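**Student:** sharing a model that was predicted from the sequence below.
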Amino acid sequence: MLVSIEPKQANPSSQYYIDGLDPDQQPYIPIEGNQESYEVYMQYKSYVEQRFKILYEMGQLEQKRIELESELHGEELKSTKSTTFFHHYSSILQENRELEEELKKLRSL
């Protein structure tokens with residue numbers, strides 16, 4: 001990870017801003033020659049980057065879960081259709097058997 005430390009325009013010897021942020025455009029963290037505050041800032045920056053990475057990955061996982069859930073729902077619909085068709089077919093066969101039984105009875109009379 002590259003970090004550029006550029007001197008602030010007003011007083012280049014005492015304060016710096018990090019990552020080339022323009023102090024007129026964006027907030028910046030002044031570092032007055034203090035290594036400890038720089039390290040704290042870098043730890044915080046690392047934490048924020050990790051947090052955003054985790055949130056992004058969570059978003060990706062949620063999207064994948066939604067896709068899989070909709071795919072599963074589609075499969076359920078297909079299986080429901082085939083089950084419905086099977087029941088319909090079975091009922092037609094049953095009705096056909098009953099009609100054949102009646103026909104046999106009528107022929108025997």
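**Tutor:** Alright, I've got the coordinates.
**Student:** and for Lys45, the neighbour number?
**Tutor:** Residues near Lys45, counting by other C-beta atoms under 10 Å, number 15. Quick note: C-beta positions are derived from backbone N, CA and C, even for glycine.
**Student:** and it, how far from Gly59?
**Tutor:** In this view, Lys45 and Gly59 are 21 Å apart by C-beta to C-beta, to the nearest Å.
**Student:** also Leu103?
**Tutor:** 66 Å.
**Student:** equivalent analysis for Val40, please.
**Tutor:** To Gly59, Val40 is 29 Å away according to C-beta to C-beta.
**Student:** cool, and Tyr41?
**Tutor:** The value you get for Tyr41 to Gly59, if C-beta to C-beta is used, is 27 Å.
**Student:** okay, the two: which has more neighbours?
**Tutor:** Set side by side, Tyr41 and Gly59 show more neighbours around Tyr41, with 16 against 10, by other C-beta under 10 Å.
**Student:** quick one: which helix or strand includes that one?
**Tutor:** Tyr41 belongs to helix 35-108 when assigned by DSSP states H and E.
**Student:** pLDDT of that helix, averaged?
**Tutor:** Computed over helix 35-108, the mean pLDDT rounds to 84.
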